[in-house]
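[1] please find the sequence and the predicted model below.
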Amino acid sequence: MVEKMDEFERELREQLQARSAPGGFADRVMARVPQRRAPRETFLGFGVPVWRWAVAAVLVAGMVVGGLEHDRQQRMAGERAREQVLLALRITGSTLRDVQQKVSARDERESFSQKGTVREHNDE
Amino acid sequence: MDASPQEFRALVERHQGRVFSIAYRILGESGVAEEVAQDVFLELHRNLPRLASEEHATAWLRRVACHRATDALRRRAARGDVAAEEYQDGMALRPVVRDFMPLMNRVEQLLLTLPPPQRAVMLLRYQEDLEPEDIALELKMPLATVRSYLQRAVKTLRAKADRTLKEYSRG
């Protein structure tokens, strides 16, 4: 029984040897294989096309210039604010001086008039 | 694995018989089998960078040929191109085929009477000479299933071959 099975299996193996493919099969496969495109121009051999590098460079440059411009405007705004504060302080300083001078002058006048009154009283 | 057009062509020439035979013996029609076999090689071309060696490519071709041919058979069955009883009935050789077929080719025709998964397993075992363990790995099937398919298929084929031989000798 086992021997018969082996014989049958051997028969199967023999009759199921690979067939030949139809003539011209490889030609027909090759005709359908997509042609490889010419290698694209790349930058420094990194496999990325030049135009992508260019787009990336423009974007980076735009970001850098934008960043610098933003920085400059911030600095100028800071300068303007500082000047305004200093001007305000100057104005305040001179006003205070005026007020102080006026106060001092009035104090002097008052002290003169008080001295005169005291002398008149003593003379009496 | 990378291949120039010349190298790829040589690869096709080395494996075309194997892939075509698997497709033909699962599908039973030369024209459809060639279509499937061509598609398998085009798929191989797309997948070459992922395959490490020709040994891997061979295993890949066997597996994909079995799957694509079985898929094509399923599509044809869904369209009604293949009679369902072709592999369900015990002795379902079409009379015209049976009468004019040389005895040598009858094994292929008998194979077509098996359910498609059994055909694939039988082809990997007897055409490709793979061990059941390797078939299980290639078709991602449990080993017990592979063994059971082989056992059932061989038993069925033996019974059918005996009957065919008797009919043939009766003339």
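    Perfect, I can see it now.
[2] give me the below-cutoff pLDDT ranges for the chain.
    Looking at chain A here, since you left the chain open. A:1-5, A:36-48, A:118, A:124 (pLDDT under 70).
[3] I was thinking of chain B, sorry if that wasn't clear
    In chain B (pLDDT under 70), the answer is B:81-104, B:165, B:167-171.
[4] the same query, at a cut-off of 50, please.
    Residues of chain B that meet the criterion pLDDT under 50 lie in B:83-100.
[5] up against chain A, what does it have?
    B:5, B:8-9, B:12-13, B:16-21, B:24-25, B:30, B:34, B:37-38, B:41-42, B:45, B:104, B:107-108, B:111, B:122-123, B:126-127, B:129, B:154, B:157-158, B:161 (C-beta under 8 Å from any C-beta of the partner chain). The C-beta positions use only the backbone N, C-alpha and C, and glycine is treated the same way.
[6] for the residue lying closest to residue B:28 once chain neighbours are set aside, grab the count of nearby residues.
    Distance criterion C-beta to C-beta, 6 or more residues apart in numbering or on different chains; nearest residue to residue B:28, sequence neighbours excluded, is residue B:112 at 4.5 Å. The number of residues packed near residue B:112 is 22, by other C-beta atoms under 10 Å in any protein chain shown.
[7] quick one: residue B:57 and residue A:81, what's the gap?
    From residue B:57 across to residue A:81, the span is 73 Å (C-beta to C-beta, to the nearest Å).
[8] just want to know which of the two has more residues nearby.
    Higher neighbour count among residue B:57 and residue A:81: residue B:57, with 19 against 10, using other C-beta under 10 Å.
[9] please, which helix or strand holds residue A:18?
    Assigned by DSSP states H and E, residue A:18 belongs to neither a helix nor a strand.
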